[in-house]
Each structure stands twice: as C-alpha cells, then as structure tokens.
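Enquirer: fold the following and give me the result.
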Amino acid sequence: MTNSGTPSVLLTDYAWPDDTVERSVVEGAGFALVTGPAEPVPAEEIEHLVKLHQPRAVLTCWAPVSAEAIAASPELRIVARLGVGLDNIAVDAATRRGVWVTNVPDYCVEEVSDHAVGMVLAWTRGLVSLDRAVRAGGWNPAAARLRRLSELTCGVVGYGRIGQATVRKLAAFGSRILVSDPALGATPSDASGFEPVSLNELLVRSDVVILHAPLTPKTRHLISSAQLAAMPPGGLLVNVSRGALVDTDAVIAALDSGQLGAVALDVLESEPEVPDALRRHPNAILTPHVAFSSDASVIELRRRAAEEVVRVLRGDAPCYPCNRPAATPEPGAAR
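Expert: Residues are numbered from 1 along each chain as shown. As a prediction, this is how the structure comes out:
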C-alpha cells in the first residue's frame with residue numbers, strides 16, 4: 001500500500017532495460033507499481049521490500065519470493081512469475097495463505113524450441129567450432145567431421161508445450177525421436193512421430209538428448225554421471241530448461257573423457273558464473289539464459305504477467321493459476 005492508500009504491486013526484479021510495460025498495465029488499472037532493483041537480490045532483501053511496501057501483488061522474474069516474504073504482507077493476493085518455472089517461489093506457502101501463484105506458460109514456446117533445435121544444428125553442422133577455427137586463422141574443410149541430422153536419434157525429456165514444439169521441428173528434419181515424460185505412460189508410438197520410452201531407455205538410445213523438464217526436488221541433477229555414462233559415446237546434451245537439472249561437474253568430466261561429444265547449455269546451476277573448465281572447453285556451446293527471448297516474447301511475457309496481477313486485484317480468477325489457494329476470496333470480495 002502506498003502513502004496515498006493506493007494498493008501497490010511490487011516488481012522484485014527485471015531482466016530488461018526498464019519497467020515501462022509493467023507500469024503501463026498496473027498503473028493504467030489504477031494500482032501503484034513499486035520497482036525493486038533490476039538485478040535479483042537475496043531472499044532477505046525481497047522480504048524487506050515486502051514488509052516495507054505491503055504490496056497486494058508481487059511480480060517476480062528471478063528473485064526468490066520466500067515463505068517469509070509471502071507472510072510479510074497480510075493483504076498479498078498474488079505472486080505472478082515473469083516466466084514459466086516456479087522454483088524461485090514458495091508455492092506451498094502461498095497456497096496455505098490463500099495467495100494465487102501464476103505464470104505465463106506459453107509465451108516463449110517457439111523461441112525455446114527454436115533455440116534447442118538451433119543448438120542441435122550448430123553441433124551437427126559444426127557451426128560454432130568451424131566459426132572459431134576460421135576466426136583463429138584456419139581453413140581446413142577436410143578436417144570437418146559433420147553429421148546428418150536425419151540419421152540421428154534425438155531424445156526429448158519432457159513433453160509439455162515446448163517439448164511438443166521441439167518434437168515437431170525435429171520431425172521435419174527426419175530424425176528418429178524418443179520422448180520421456182511420466183505423463184505419457186506407455187502410450188504406443190503413433191502419428192505423433194515419436195516413441196515414448198523411459199528416461200533410461202532414452203539415454204541409452206539417443207545421439208542427442210534435449211532437456212525440457214521443470215526443476216523440482218525430484219529432477220535436480222536429473223542428468224549426472226550415471227546418466228551420462230548410459231549415453232552412446234560422443235553424443236550431445238542440450239539444456240534449455242533449468243541449470244540444476246544437470247550436474248555441471250559430471251558434464252565437464254564426461255566432456256574431458258570423450259564420453260560426451262559436446263554440450264549445449266543455455267542455463268547453468270551456477271549462473272551467471274560459468275566454470276572455467278566449461279568456458280574453455282572446445283566442445284561446449286554456451287548461451288546466457290536467453291532461449292526464452294525475442295523482442296516479441298519478452299513484451300508478451302511482461303504484459304501478460306502484469307495483466308494477471310490486475311485481473312486478480314480486481315477480484316477475478318487468474319487465467320494461468322499454478323496453485324489452488326486455501327482461502328482465496330470470492331471474486332469481487334474485499335480483502
């Protein structure tokens with residue numbers, strides 16, 4: 001709540017130059033936007049901001065919204081993620097306190113799947129390694145060891161919106177496609193163009209493994225030494241989901257031994273810090289957590305997340321709820 005009595009919305013952090021889109025939506029609806037620092041700060045600082053401003057809503061990009069932060073504003077009604085994953089939000093605590101948690105689940109489906117397929121193509125066609133060699137003064141086409149994507153088996157871990165888009169795009173190249181997702185069960189292969197398998201079978205049979213899984217306690221280090229050892233020697237691992245799905249030390253060891261031919265990572269468990277061994281490795285393709293990004297997707301993300309906040313503060317149910325709050329007020333009820 002601001003000094004004027006206008007209900008406030010706290011924007012904890014943002015990964016773009018300004019807060020103009022969020023401010024336009026929130027203030028255009030008659031609420032006040034309070035903006036924290038652009039870079040995400042530790043949980044304790046977010047808790048302090050919530051105590052200070054007593055927001056009715058929190059918009060968060062990467063900053064941690066802890067159970068303490070959620071409890072610090074009795075009037076809090078919604079925590080809206082500027083993104084898809086919820087691993088930086090204490091969802092269970094919000095649910096217990098009757099606070100909605102929302103995300104924007106489909107704003108970057110094309111971008112992330114494009115990024116994943118682009119990384120695969122960069123490896124099969126040697127785009128990154130050959131570019132580096134030419135820039136270093138080399139010109140040796142006879143040394144190129146390139147691959148035909150249509151002859152490779154690609155394993156996709158996770159068959160949500162983005163996983164489905166990646167499968168569709170890989171199918172256009174003629175690849176054999178395996179999919180591992182608990183939701184698929186033992187569904188037989190059909191016109192979808194892929195074969196559902198267990199994670200272990202996917203690893204054993206895939207030349208390329210692409211991760212599209214959410215980060216949960218069960219999926220942390222989903223790919224570690226044992227899983228990398230199960231892959232055929234010389235394969236490619238792609239992660240465009242969450243850094244902690246992958247044990248970075250295990251990946252570096254697998255690259256050094258040659259068990260893993262290459263890795264393409266848009267996310268790291270230590271980001272923004274990049275281990276020197278990974279940064280220096282010639283068979284690592286690294287991008288700075290930008291798979292979600294395009295001019296169009298970022299504007300859409302910001303607008304739709306802010307609109308969810310306005311929707312809930314006006315007493316309506318959110319379009320993209322990620323929980324079932326225990327004591328959510330009836331639409332239109334005062335709180």
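Enquirer: name the nearest residue to the spatially most central residue of the chain, sequence neighbours excluded.
Expert: By C-alpha atoms, centre = their mean, the chain has its centre lying nearest to residue 241, at 4.3 Å. Using C-beta to C-beta, 6 or more residues apart in numbering and skipping residues adjacent in sequence, the residue nearest residue 241 is residue 211, 5.0 Å away. Heads up, the C-betas are built off the backbone N, CA and C, glycines and all.
Enquirer: residue contacts, the one you found?
Expert: For residue 211, the contact set (C-beta atoms under 8 Å, 6 or more residues apart in numbering) comprises 157-158, 222-223, 237-241, 245-246.
Enquirer: residue 242 now?
Expert: Counting by C-beta under 8 Å, 6+ apart, residue 242 has contacts 85, 87, 213-215, 267.
Enquirer: repeat the analysis, applying 7 Å as the threshold.
Expert: Listed by C-beta atoms under 7 Å, 6 or more residues apart in numbering, the contact set of residue 242 reads 85, 87, 215, 267.
Enquirer: by neighbours, which of those wins?
Expert: Greatest neighbour count in these, by other C-beta atoms under 10 Å, goes to residue 267: 21 neighbours.
Enquirer: looking at the contacts of residue 211, which are in strands?
Expert: Mapping these onto strands (DSSP state E) picks out 157, 237-239.
Enquirer: distance of residue 276 from residue 109?
Expert: Separation of residue 276 from residue 109 (C-beta to C-beta, to the nearest Å): 34 Å.
Enquirer: apologies, that question was intended for residue 212.
Expert: In terms of C-beta to C-beta, residue 212 sits 10 Å off from residue 109.
Enquirer: just residue 310 next, same as before
Expert: Using C-beta to C-beta, we find residue 310 at a distance of 24 Å from residue 109.
Enquirer: how about residue 69, secondary structure?
Expert: The three-state assignment at residue 69 reads helix, by DSSP: H, G, I helix; E, B strand; the rest coil.
Enquirer: surely residue 175 touches residue 151?
Expert: No. Between residue 175 and residue 151 there is no contact under C-beta atoms under 7 Å: 8.2 Å.
Enquirer: who has more neighbours out of those two?
Expert: Between residue 175 and residue 151, counted using other C-beta under 10 Å, the more crowded position is residue 175 (24 against 11).
Enquirer: ok, now which ones touch that one?
Expert: Residue 175 makes contact with 149-150, 152-154 under the criterion C-beta under 7 Å, 6+ apart.
Enquirer: let's see it at 10 Å
Expert: 117, 120, 124, 148-154, 167, 169, 193-194, 207-208 (C-beta atoms under 10 Å, 6 or more residues apart in numbering).
Enquirer: mind giving me the PyMOL select for these, buried ones only?
Expert: To isolate the buried members of these in PyMOL, using 16 or more other C-beta atoms under 10 Å:
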select buried, resi 117+120+124+149+152+153+154+167+169+194+207+208
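Enquirer: sorry, back to before: pull the most distant pair out of the contacts of residue 242.
Expert: Put simply, by C-beta to C-beta the two of the contacts of residue 242 set farthest apart are 87 and 267, 11.5 Å from each other.
Enquirer: touching both of these two, which residues are there?
Expert: In terms of C-beta under 10 Å, 6+ apart, residue 87 and residue 267 are both contacted by the residues 215, 242, 244.
Enquirer: min pLDDT across these, which one?
Expert: Among those, residue 215 carries the lowest pLDDT, at 92.
Enquirer: mind giving me the packing neighbours of the longest helix seen in the chain?
Expert: Longest helix of the chain, by residue count under DSSP state H: helix 295-313. Where contact means 3 or more C-beta pairs under 10 Å, 6 or more residues apart in numbering; DSSP states H and E, helix 295-313 is packed against strand 8-11, helix 20-28, strand 57-60, strand 78-81, strand 100-102, helix 109-124.
Enquirer: need the contact list for residue 69.
Expert: Contacts of residue 69 (C-beta under 10 Å, 6+ apart): 10, 12, 43-51, 55, 58, 60, 63, 76, 79, 89-90, 93-94.
Enquirer: in this protein, which ranges drop under the pLDDT threshold?
Expert: Residues of the chain meeting the criterion pLDDT under 70: 1-4, 185-191, 327-335.
Enquirer: where do the domain boundaries of it fall?
Expert: 8-106+294-313, 109-286 (automatic domain parsing).
Enquirer: the shortest one: end-to-end distance?
Expert: Chord length of domain 8-106+294-313, first to last residue, is 10 Å (C-alpha to C-alpha, to the nearest Å).
Enquirer: for residue 254, grab the count of nearby residues.
Expert: The burial count for residue 254: 24, using other C-beta under 10 Å.
Enquirer: what separation do you get for the residue sitting furthest away from the middle of the chain and residue 78?
Expert: If you look at how far each residue of the chain sits from its centre, by C-alpha atoms, centre = their mean, the farthest one is residue 142, at 38.5 Å. Counting by C-beta to C-beta, the gap from residue 142 to residue 78 is 60 Å.
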